[in-house]
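[1] give me a model of this one.
(2 chains, ligands or ions: 5)
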Amino acid sequence: MPSLRHKMPEQSAEKRRSNFSEVALGYTADTAQAEASRCLQCKTSPCRQGCPVEVNIPAFIKHIKDGQMDAAIQEIKHKNNLPAVCGRVCPQENQCEKHCVLAKRGQSVAIGRLERFAADHGQTHDNGAHPALKESLGKVAVIGAGPAGLTAAGDLAGLGYQVTVYEALHAPGGVLIYGIPEFRLPKDIVRKEIDSLKQKGVTIEVNAIAGKTFTIDELISEQGFDAVFIGTGAGLPHFMDIPGENLNGVYSANEFLTRVNLMKAYQFPATATPVHVGKNVAVVGAGNVAMDAARTSLRLGAENVYIVYRRSEDEIPARSEELEHAKEEGIQFHLLTAPVKINGNDKNWVTSLECIRMQLGEPDQSGRRRPLPLEGSNFELPVDTVIMAIGQGPNPLVQQTTPGLAVNKHGNITADEAGFTSKEGVFAGGDIVTGAATVILAMGAGKKAAAAIHDYVQGKKARNHG
Amino acid sequence: MYPILEKRELSPSVKLFVVQAPAIAKKCQPGQFIILRMDEAGERIPLTIADFNRQKGTITLIFQEVGCSTRHLGRLGAGDSILDVAGPLGQATHIEKFGTVVCIGGGIGVAPVYPIARAYHEAGNKVISIIGARNAELLIMEDEMRQVSESLHITTDDGSKGRKGLVIDPLKELIAAGEDIRLVMAIGPVIMMKSVAEVTRPHSIKTLVSLNPIMVDGTGMCGGCRVSVANKNKFACVDGPEFDGHEVDFVGLMARQRMYHEAERIEREAGSCSCHH
Ligand SMILES: Cc1cc2nc3c(=O)[nH]c(=O)nc-3n(C[C@H](O)[C@H](O)[C@H](O)COP(=O)(O)OP(=O)(O)OC[C@H]3O[C@@H](n4cnc5c(N)ncnc54)[C@H](O)[C@@H]3O)c2cc1C
Ligand SMILES: Cc1cc2nc3c(=O)[nH]c(=O)nc-3n(C[C@H](O)[C@H](O)[C@H](O)COP(=O)(O)OP(=O)(O)OC[C@H]3O[C@@H](n4cnc5c(N)ncnc54)[C@H](O)[C@@H]3O)c2cc1C
Ligand code: SF4
Ligand code: SF4
Ligand code: FES
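    Numbering: from 1, shown residues only, chains lettered A, B, ... in the order given. Ligands and ions are numbered 1, 2, ... in the order given. I've put the predicted structure just below:
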């Protein structure tokens, strides 16, 4: 009988429903060491295959077991620049933990929780020692301060490049700052990770919009950058094109979450940006974005929050922990249900969401069973707010203003595994290439691109001097 | 930080700032806007670039104090700084020689129409301008508009300046007099732009309007600025802010602009913003 995973202490569902403090509280050192002892230190370490940045999982876990917390975080940081973030938001059950040999009995080592523990330990016990800047190997510009861009910037700075990150919004972090809520990823954690990048010598310029304030070509020809990395993400919200979508009270999840997280609307009127919530809220979709919007609505005082999802529970794409937390907090699920129309009153405000029930048919291209409407099963959900969380497309500003940069039919930048695009000196990675994915995949892409940029710039310099 | 170099009061509720923002001044074109955030607790406020000086690296912003955020902004003066200014945003106005162009500005809308009228003028168009306001005190930029216009018509609601009436009155007369108008550019309150579009529609005169829906990021990320144009949703911050006035759903736009009226009332009553005092 294998030992059971150690639970992580959490705020009770009752309490956390009305605050924005972090839900999961993190392991104590004792629990972390006990959990670390469960790891079998497998020679082949299958868990590593599940990690897109190949953290040396058994090695850092052994350090925790031995009480060597500094060594543990050092080990993780060889591969992962944002461990406090990944420990919290990686879909571990589909990545590292899925491949753990103990997973077969549903009791894999809690790798994410241990990573989080080590990272938080590192943040509170930072010894302040940072490598002195080497002589600059070249100049690299990074567009977008999300996980992809920040990872590329950190690695390049570590290699000895002079790196400037250009971010369109007034704060760096990408989705980590404007999308994922405080109760899941405290903004202080993100800020500390960004500060540690700045200490490595990375310059971050906010309010700098590539394609508007400057173009990629200007960075190369006028500003003398040797290479540019584009990590502008998938930030363009999709709507459903159903009647009533422009009524007051209908939001994209991006707008709703940006108002609350980036603009701190939850402190309105002490902060100037308002957000509308109302009593009853319907969130359309069931990914991480939808769970975040639903749980945020609850915390802002909504009495009934519904998730409206056209497939069944088995297909829900959110991290399993988020789904569990949402259920515990009392989010109500309308599965196999699709919106067809939003009704409003004479003042143009939402009054209800009209839905139709669905059944699952044959598998579609994604391998998931295709939902089909059940004729005549329409019903109305009375709501004041509808939040659309049905996916995002690529941010278009860079593609529109960069001649010679190839894109696919969805508008994503075409790049190979290493990050090379069709344009000389220009690299790309993260959601802007793959479409909306995960933090760790974006970071993995940033890492690979940093290595490719290093080779490219040094190769070019050698040719020019040779 | 973006220092305010100069401040002028164009009317009791309309202020002009000249702001140091070299990167934006270098790039901006008529028709574009910026988004600013005054301080850490501030809203992101979109304002049109009313003028710019590439050599000095400055942009000019003209704004009306309508709510808490703009009133708060109006308390800043020369020597103060704005925390964030991002831009230039939106599509630039398409400028070419069309022939006769009528530029219409209503209220604060005169500010954004000015750089566009100037650009049309410099491109060799015959620019006829109509500017209007509720009363003489609220009328702005008369001299600037006169300089770039072949002729300038002024209307006020109460007749305290120019002729009593609406900006569409001189427009109707120009059309009736057989003026060969190739393009109308109208910027002002939504209701004004709507009525301009209704005047020109039967005559099939191409009419552009610049829309000001509520915005957050200004980069196409939130969708809050969506407006229905020819029955398709457009994001005003990246697809606009200018659209064909004959295709815009003005009624929907007006309804969406009222979305936060209740919240704005709460904000005023909470007295949390400095405009209250
Ligand atoms: C609400 C929400 C919850 C999520 N939850 C999870 C989760 O739990 N686990 C997980 O793994 N993933 C999650 N994701 C997905 C994950 O956040 C993304 O896959 C990841 O952030 C992608 O990183 P990125 O660096 O490619 O892009 P982004 O994080 O989108 O960052 C791109 C940055 O580029 C900037 N930018 C865009 N255009 C320009 C321009 N023209 N000039 C300058 N800057 C520009 C943007 O402002 C942004 O800051 C979630 C996403 C959302 C929206
Ligand atoms: C592209 C664009 C260009 C603009 N240019 C100018 C300009 O040159 N001069 C000028 O005086 N005004 C301009 N505006 C309008 C200006 O942004 C709003 O008046 C201002 O944001 C109101 O803020 P407030 O808090 O003072 O008023 P509030 O009390 O918040 O609102 C007053 C009214 O302003 C509108 N409003 C509120 N927030 C926003 C927002 N974030 N975006 C747009 N409208 C909003 C609403 O309709 C509201 O009813 C422009 C708007 C846009 C979208
Ligand atoms: S980065 Fe993510 S996938 Fe990799 S070990 Fe950490 S939690 Fe697992
Ligand atoms: S597979 Fe599981 S048990 Fe084996 S080394 Fe990795 S974490 Fe430890
Ligand atoms: S303001 Fe957010 S998409 Fe236009």
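[2] B:T100 and B:R182 touch, don't they?
    Yes - with contacts counted by CB atoms under 8 Å, B:T100 reaches B:R182, the gap being 5.7 Å. Backbone N, C-alpha and C define where each C-beta goes, glycine included.
[3] which residues does the residue of the stretch 51-200 of chain A found nearest ligand 1 contact?
    Closest residue of the stretch 51-200 of chain A to ligand 1, CB to the nearest ligand atom: A:G146 (2.1 Å). Contact analysis of A:G146 by CB atoms under 8 Å, 6 or more residues apart in numbering or on different chains lists A:173-176, A:231-233, A:430-431, A:442.
[4] I'd assumed A:Y306 was in contact with A:L381.
    Yes - taking contacts as CB under 8 Å, A:L381 lies within contact range of A:Y306: 6.2 Å.
[5] name the residues contacting each of those two.
    A:280, A:282, A:334.
[6] so what's A:V250 closest to, chain neighbours aside?
    Leaving aside its sequence neighbours, A:V250 sits nearest to A:V386 (CB to CB, 6 or more residues apart in numbering or on different chains; 4.8 Å).
[7] please report how far the one you found lies from ligand 2.
    Using CB to the nearest ligand atom, to the nearest Å, A:V386 is found at 21 Å from ligand 2.
[8] do B:K194 as well
    Distance from B:K194 to ligand 2, by CB to the nearest ligand atom: 15 Å.
[9] what's the burial count for the closest residue to that residue other than its chain neighbours?
    Nearest residue to B:K194 in three dimensions, chain neighbours excluded: B:F250, at 3.9 Å (CB to CB, 6+ apart). Residues lying near B:F250 (other CB atoms under 10 Å in any protein chain shown) number 20.
[10] hang on, B:F250 packs against B:S195?
    No - applying CB under 8 Å as the test, B:F250 and B:S195 come out as separate, 9.2 Å apart.
[11] in contact with B:I82, which residues?
    Counting by CB under 8 Å, 6+ apart, B:I82 has contacts B:1-2, B:4, B:19, B:36-38, B:73, B:76.
[12] tell me the one among those residues nearest to ligand 4.
    The closest of those, once distances to ligand 4 are taken by CB to the nearest ligand atom, is B:R37, at 44.9 Å.
[13] where along the stretch 51-200 of chain B do the helices fall?
    Along the stretch 51-200 of chain B, the stretches classed as helices by DSSP state H, counting those that start in this stretch are B:68-74, B:110-122, B:142-147, B:168-176, B:190-200.
[14] the closest residue to ligand 1 within the stretch 1-150 of chain B pairs with what?
    Residue nearest to ligand 1 within the stretch 1-150 of chain B: B:A86 (9.7 Å; CB to the nearest ligand atom). Using DSSP bridges, the beta-bridge partners of B:A86 come out as B:I35.
[15] so, low pLDDT: which residues of the chain?
    Looking at chain A here, since you left the chain open. A:1-2, A:125-135, A:466 (pLDDT under 70).
[16] look at chain B instead
    B:271-277.
[17] near ligand 5, which residues of it show up?
    Within reach of ligand 5 by CB under 6 Å from any ligand atom, chain B has these residues: B:215-218, B:220-225, B:235, B:237.
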